[in-house]
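Student: Below is the structure, and that's it, no one-letter string:
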């Protein structure tokens, strides 16, 4: 597709004006004009990470949809470097969510394997302990851990479902995982 092989814009002076114009007017055509200048860069990033031309093209469109909202939420000093990072992160999230197709069990991801596979093969007791420990988490940790490990949602999906920021989602999962591990170690000891 020739659209993806245009030379990348190297004149950043107009970017700020176009960003301001879009923020004020909300006119997607203005954002589209700015975006079009960087499609070759974005497509290249997507192709590098996703290693599939069709997936990369789909990602370019997904990134544009994210831009519609994110450009208004973030202070952007250099659009070129900002959209590069956004594109890279988008692709990494795509790769992360692509792992949902694999069956990943909670004990593979978390560090509870010895506890969930006790020598006496009493998994029922281990799962009851896990349920008890899940109930001890804060509501936000429990919801985030459940969505991430049990419902196999990615960070972005969890943020969309819960309304939490991506940083909060990551923090809730990390802290919830740590608290579960501590609780389970106490239960087994």
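Tutor: Yes, it's here. Since the structure is predicted, the reported quantities are computational estimates derived from the model, not experimental observations.

Student: how is this protein carved up into domains?
Tutor: As given by automatic domain parsing, the domain ranges for the chain are 2-100, 106-188.

Student: Take the ones you listed and write them to TSV, including mean neighbour count and mean pLDDT.
Tutor: Glycine gets a C-beta too; all of them are placed from N, C-alpha and C. Formatted as TSV, the entries for the domains of the chain read as follows, by neighbours: other CB atoms under 10 Å; pLDDT from 0 to 100:
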stretch	mean neighbour count	mean pLDDT
domain 2-100	15	84
domain 106-188	16	78
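
Student: Tell me which residues are up against stretch 157-164.
Tutor: Judged by CB atoms under 8 Å, 6 or more residues apart in numbering, the contacts made with stretch 157-164 from elsewhere in the structure are 97, 140, 143-144, 147-148, 153, 165-166, 168-169, 172.

Student: Farthest pair within the residues you listed?
Tutor: 97 and 140 (21.2 Å; CB to CB).

Student: quick one: residue 14 from residue 21, how far?
Tutor: Counting by CB to CB, to the nearest Å, the gap from residue 14 to residue 21 is 10 Å.

Student: go on, residue 86?
Tutor: Relative to residue 21, and taking CB to CB, residue 86 is found at 19 Å.

Student: same thing with residue 41?
Tutor: 21 Å.

Student: and the helix or strand residue 71 falls within, what other elements does it pack with?
Tutor: With elements delineated by DSSP states H and E, residue 71 resides in helix 53-73, which encompasses its position. If contacts are counted by 3 or more CB pairs under 8 Å, 6 or more residues apart in numbering; DSSP states H and E, helix 53-73 sits against helix 13-25, helix 28-50, helix 79-98.
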